[in-house]
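Asks: Build me a model from this:
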Amino acid sequence: MIIWITGLSGAGKSTLASELVLRLRNMGKSTVLLDGDELRMLFVPSAPKDLSHGREMRLALALQYAELCRMLAKQELTVVIATISMFKEIQKWNRVNLPGYFEVFLKVPIDELRRRDPKEIYRRFDAGELTDVAGLDLFVDEPVEADWIEEFTTGRNVSVMADELMYQLFGSRTI
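Replies: Model prediction:
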């Protein structure tokens, strides 16, 4: 199974992925967590941290992430990946090529993402220090066939979201 968690920067992908992995491991599932930020540093180690990430580079990286997910799933691992990778080409490729593919979309309004801004991406974009910011000057494709969409609700915590996601995946809310 591959659980692909997507959303814009600051949406809570890594937070939800970490909580989900903990629950899956508690179920006895051999699970691996892949984080888009860490994968980018692995696949493009010489790129400066503040390098703008254009569409073609992001698309190529997303395909590499998908291939890695497929390889790990063939080893009978459950893969949870947290990555922006919001391109229709990737979404379509994943549905055709990834076994047990389950797409999660964290849909958070830009105003809330700007308020959170844990990596100061939105602030740096506004200051003219960054370009190619997904959802701002870099067009992305919101998933149209996501298996589970979590619309932002004020005060909703990750534990409740993980409960609901576990129910979608396995018919059980708490593990």
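
Asks: Now Asp137, what are its backbone angles?
Replies: Here is the backbone geometry of Asp137 (degrees, to the nearest 10): phi -100, psi 0.

Asks: Would you map the helices across this protein?
Replies: The residue ranges that make up the helices of the chain, judged by DSSP state H, are 13-26, 36-43, 55-74, 88-97, 110-116, 121-126, 158-170.

Asks: Out of these, which gets nearest to Ala82?
Replies: helix 13-26 (3.8 Å; Cβ to Cβ). (Glycine included, C-beta is placed from N, CA and C.)

Asks: Now do the spatially closest residue to Ile90 that is not a sequence neighbour, the pLDDT please.
Replies: Nearest residue to Ile90, sequence neighbours excluded (Cβ to Cβ, 6 or more residues apart in numbering): Ala62, at 4.4 Å. You'll see Ala62 listed with a pLDDT of 94.

Asks: doesn't Gly10 make contact with Gly135?
Replies: No: using Cβ atoms under 8 Å, Gly135 makes no contact with Gly10, being 9.8 Å away.

Asks: mean confidence score for stretch 100-107?
Replies: On average, the pLDDT along stretch 100-107 is 97.

Asks: Pull the residues that contact that stretch.
Replies: Residues outside stretch 100-107 that contact it (Cβ atoms under 8 Å, 6 or more residues apart in numbering): 1-7, 11-13, 16, 73, 91, 94-95, 142-143, 145-152, 165, 168-169.

Asks: Fine by me, thanks again.
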